[in-house]
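Colleague: whatever this is, show me its structure:
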Amino acid sequence: MRTQPPVPGQRAWVVFDVVSATAVTTLIAVQSVLNWHRQDWSRYGYPAPTAVQVTVVLAGVVVCGAALAARRWRPLLSAAAALAAWVVMLAVAWPLATLSLSSFGLVSTLLLYSVAVTEPLPVTLVTLAVLYAADTATVAASHHKGINLGATGLTLVLACCLGVGVARYRDIGARLREQQDAAARAELDRERVRLARELHDVLAHSMSVVNVQAGYGRFAIGRDPAVAEAALAAIQEVSREAMVEMRGMLTVLRDGGEAAALAPAPRLADVPRLVATCAEAGVTVRVRTRGQVRELPDGLELAAFRIVQEALTNVVKHAHTRSARVLLEYQDTALVVEVTDAGRGGPAPAVGGGGSGGGAPGTTSAVAGGGGGGHGLAGIAERVGLYEGTVEAGPLTGGGWRVRAVLPCSTAAPSSETAASASASSATNEPAWAAS
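Modeller: I've put the predicted structure just below:
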């Protein structure tokens, strides 16, 4: 039996079933009583029905009415009960029962429709055959056997086809709802992963700077109060920015993203802010742009910004150096983000899958590096994998560490201001890394 989805206004349909079943039962009972009194039975060669036969017919009519009222809950059982009642009526009160042929045809049609809506097709076909056989037995005593038999059969077939069609329609609707629910759950999962990645990037960068500044302040608190005060001010500024970003993301989680007063998502234009926080942590970062600067999709700009942020966070935490370089290269079909430092380097990182579902083809991702493990470089690989790009992370030959990510993107016409700045920044063709 198919599971019926909730139907809007279902209580109203229950009331309709009870009222209609009561009306049909009353009409058939009245018709049976009138036929008993007014019919000239000797004309057809039958004796007049007895009181017992009339009682059996009325009881069978009540059972058929109850079956109609319960057809939405137990359609197959209701059809079986009505059929059994009709068979008993035919066996006990043959002539009187046959005069209610049209009434039984209506009852059997409604019950067959309910069976077709809720039961598998084989069960529906068997029910159709059994009900048609019962109608055939009833028609045997009528005056127009051929017409009645054809009309009854056509009515049952139409009811069966209509019920099967409604059942298929409901099944398709249920499958679509399941697919929509699955898609919504998948989207929620992706959003949770994205927010977790954003929180990691914000917290890892901010807490790294706070940790370094706290160490400076603790060291200088008894020796140079001015240095200690500057470290505390840097901690205050970095923690304030982190709180603003986290408050925005938590507002999205709380309000579902509706009417949330959020700051715009970080873009590559905000890289100088990262440079400033790294400078406060004692790491001087030089940023260089190559190629024609142009507007990129918001998601790609955010991914590039987070890649720079995570790479600089690893420099602050693990590289033990005071300088780093950031290269943003705008190629015709890709954006190259490269972060290098002259720190202590480390062993070659482990290579793992990046992105969702094992990463994009050709994506090489590092899950550790820069002298420390963690989720940072794995997060970079996942971001790059979303755009089917490539990422490489590992030690440099002469010392230091490099993270290089290639994010495919389409070519777009640059604005006049960005084109001018790009021409100025690309006037020199410096190597990817030069010691500060």
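
Colleague: am I right that A393 falls within a helix?
Modeller: No - applying DSSP: H, G, I helix; E, B strand; the rest coil, one finds A393 to be strand, outside a helix.

Colleague: okay, now it: neighbour count?
Modeller: By the criterion of other Cβ atoms under 10 Å, A393 has 26 neighbours. In this view, the C-beta of every residue, glycine as well, is placed from N, C-alpha and C.

Colleague: isn't it right next to V403, touching?
Modeller: Yes - with contact defined as Cβ atoms under 8 Å, A393 counts as touching V403 (4.7 Å).

Colleague: was I right about R288 contacting V336?
Modeller: No - R288 sits out of contact with V336 when judged by Cβ under 8 Å, with a separation of 11.6 Å.

Colleague: and the most centrally placed residue in the chain, what element?
Modeller: Centroid-nearest residue in the chain: A184, 1.7 Å away (criterion: Cα atoms, centre = their mean). Using DSSP states H and E, A184 maps to helix 145-220.

Colleague: show me what that helix is packed against.
Modeller: Helix 145-220 is packed against helix 101-118, helix 121-139, helix 225-255, helix 271-280, helix 298-314, helix 376-386, with contacts defined by 3 or more Cβ pairs under 8 Å, 6 or more residues apart in numbering; DSSP states H and E.

Colleague: buried set for the first one?
Modeller: By 16 or more other Cβ atoms under 10 Å, the buried positions in helix 101-118 come out as 101, 103-118.

Colleague: check the fourth one too.
Modeller: Of the residues in helix 271-280, those with enough neighbours to count as buried (16+ other Cβ under 10 Å) are V271, L274, V275, T277, C278, E280.

Colleague: could I get the CA-only coordinates of it as CSV?
Modeller: Extracted as CSV, the C-alpha positions of helix 271-280 are listed here (Å, rounded to 0.1, in the frame of the first residue of the first chain):
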residue,chain,number,x,y,z
VAL,A,271,44.8,42.3,1.0
PRO,A,272,46.5,45.4,2.4
ARG,A,273,44.6,44.8,5.6
LEU,A,274,46.2,41.4,5.9
VAL,A,275,49.6,43.1,5.3
ALA,A,276,48.9,45.5,8.1
THR,A,277,48.1,42.8,10.6
CYS,A,278,51.1,40.7,9.6
ALA,A,279,53.3,43.8,10.1
GLU,A,280,51.9,44.2,13.6
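
Colleague: quick check: angle from it to helix 145-220?
Modeller: Here helix 271-280 runs at an angle of 40 degrees relative to helix 145-220 (axes from the mean of the first three to the mean of the last three Cα atoms, to 10 degrees).

Colleague: pull the residues that contact helix 271-280.
Modeller: Outside helix 271-280, the residues that touch it by Cβ atoms under 8 Å, 6 or more residues apart in numbering are 205-206, 209, 213, 234, 237-238, 241, 284-285, 287, 305, 308-309, 312, 315-316, 324, 326, 328.
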